[in-house]
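Student: Compute the structure for the input listed below.
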Amino acid sequence: MRKSLITTAVLGALAAPAFVFAADAAPAPDLTVAYNVGLYSQYIFRGLTQTDRKPALQGGVDLTHSSGFYLGAWGSNISWLRDPYGNPKPAESETFYKSGGNLEIDLYGGYRHTFDSVGSGLGIDLGVLQYWYPGTERGKATGNGYAGANTTEVYGALSYGWLQGKVSVVGSDDAWGWGKTASVTKNARGTYYAELNATLPIGEWVGGGALSGVTGIAHIARQEFNNNNIFLASYTDYKLGLQKAFENGVNVGAYWTNTSGAKDAAWTYNGKNIGESTGTAYIQKTF
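Tutor: Down below sits the predicted model:
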C-alpha cells in the first residue's frame with residue numbers, strides 16, 4: 001500500500017506541468033502503518049512481572065485510518081504460564097501450561113478521535129483487545145484453580161492534555177488464569193482495570209535544551225477480579241518513570257513499579273511474588 005502510493009505520486013509529478021507540481025501538495029495517505037520494537041529488562045503488565053524479572057523482546061504494528069479507526073498486533077516473550085505457581089513453591093509440574101505458554105500476542109482494534117474544537121486536546125479511545133497465549137493448557141483440573149489464560153477485554157479511555165483515564169472490562173469467562181473451575185463457582189466476566197495515567201511533557205515545561213524530548217510517566221490503577229476469589233486476586237498498582245525520545249525514533253527510559261494488595265497466595269510464581277517493587281529499563285525504536 002505504501003509503495004504504491006509513493007509510485008503513483010512520483011509518476012504523477014513527472015507527467016504534470018511545472019506550475020501544477022508547485023501548486024499541488026501530495027495528500028496525506030488515508031492509511032498509515034507504524035512499527036515498534038523494544039528490548040526491556042523485564043516485561044511488566046499491570047504491576048506484575050511476566051518474565052520472572054528476565055529480559056523481554058517486544059514488538060508490534062499499528063494500522064490507522066484517517067477516519068480514526070485502527071487495528072494492531074503486539075507480542076512479547078513471557079514465562080509465567082510455565083513458571084511453577086503457588087505458595088509455597090509447588091512441584092515443577094504445577095504450571096498453567098503443559099507446553100508453549102512462552103509468548104503473549106495481543107490483537108486489538110478500535111476508534112480514537114481528538115476533538116480539536118475543545119482547544120486542549122480532548123480525546124476518546126474505544127476498542128477491543130484479545131490477549132492470546134499460544135500453547136497447551138492443563139485445563140480446569142479439580143482443586144488447582146487453573147482457568148484459561150486467554151482473555152478478551154473491551155476498553156474506553158478519555159484523555160485531556162497529558163492526562164488519561166481508562167477502564168478495561170473483561171468480556172470472556174476467564175481472565176489470566178482466574179475464572180470458573182471445579183472449586184470456583186463464578187467466572188471472571190466483568191473483571192475490570194481502572195487506571196489514571198499522566199504523561200508529563202517535562203522537556204516542554206523547561207524549554208527544551210538537554211531535556212528536550214523528556215517526559216515523565218505516572219500511573220495508578222486498580223485491578224478488580226470478579227469471581228469467588230475477588231478478595232484474593234485484586235490489587236492496586238503504581239508506576240513512575242522517565243523517557244527520552246530522540247528525533248530518529250529511538251526512545252530510552254526506565255520506570256519503577258509496585259503493587260498494593262497483591263497477595264502471595266494469588267501471585268506467587270517460582271517462589272516469588274511477581275507484584276513486588278521493581279525497576280525496569282528499556283530501549284525502543286519506532287518506525
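Student: hang on, isn't Gln58 packed against Tyr43?
Tutor: Yes: in this structure, Gln58 is within contact of Tyr43 by Cβ atoms under 8 Å, at 7.0 Å. In short, each C-beta sits where N, CA and C put it, glycine included.
Student: The two: which is more packed in?
Tutor: Per other Cβ atoms under 10 Å, whichever of Gln58 and Tyr43 has more neighbours is Tyr43, with 24 against 17.
Student: Grab the nearest non-local neighbour of that one.
Tutor: Beyond its immediate neighbours in the sequence, the residue positioned closest to Tyr43 (Cβ to Cβ, 6 or more residues apart in numbering) is Ala56, lying 3.7 Å away.
Student: which residues in the stretch 1-150 of the chain form strands?
Tutor: Secondary structure of the stretch 1-150 of the chain (DSSP state E, counting those that start in this stretch): strands located at 31-40, 44-45, 48-49, 56-65, 69-77, 97-100, 103-115, 122-132, 135-137.
Student: tell me the mean pLDDT for the second one?
Tutor: Meaning strand 44-45. Model confidence over strand 44-45, given as mean pLDDT, is 98.
Student: Common neighbours of Gln58 and Tyr43, please.
Tutor: Counting by Cβ atoms under 8 Å, 6 or more residues apart in numbering, the shared contacts of Gln58 and Tyr43 are Ser76.
Student: Let's have the strands of the stretch 1-150 of the chain in CSV, adding distance to Ala188.
Tutor: As requested, the strands of the stretch 1-150 of the chain are exported to CSV (distance: least, Cβ to Cβ, whole Å):
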stretch, distance to Ala188
strand 31-40, 27
strand 44-45, 16
strand 48-49, 16
strand 56-65, 25
strand 69-77, 22
strand 97-100, 18
strand 103-115, 18
strand 122-132, 12
strand 135-137, 15
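Student: right, so those strands: which one is the most enclosed?
Tutor: Comparing the strands of the stretch 1-150 of the chain by mean neighbour count (mean count of other Cβ atoms under 10 Å), strand 48-49 ranks first with a mean of 24.
Student: strand partners of that one, parallel vs antiparallel please.
Tutor: For strand 48-49, sheet partners with direction are given as strand 44-45 (antiparallel), following DSSP bridges.
Student: residues in contact with the strand it pairs with?
Tutor: Outside of strand 44-45, the residues that reach it under the criterion Cβ under 8 Å, 6+ apart are 50, 239, 255, 257, 278, 280.
Student: who's in contact with the residue nearest to Ile78 when sequence neighbours are not counted?
Tutor: Excluding its sequence neighbours, the residue lying closest to Ile78 (Cβ to Cβ, 6+ apart) is Gln50, at 4.5 Å. If you count contacts by Cβ under 8 Å, 6+ apart, Gln50 has them with 42-44, 56, 76, 78-80, 104, 274.
Student: how far away is Gln50 from Tyr43?
Tutor: 4 Å (Cβ to Cβ, to the nearest Å).
Student: what residues do those two have in common as contacts?
Tutor: Taking Cβ under 8 Å, 6+ apart as the contact criterion, the residues that touch both Gln50 and Tyr43 are 56, 76, 78.
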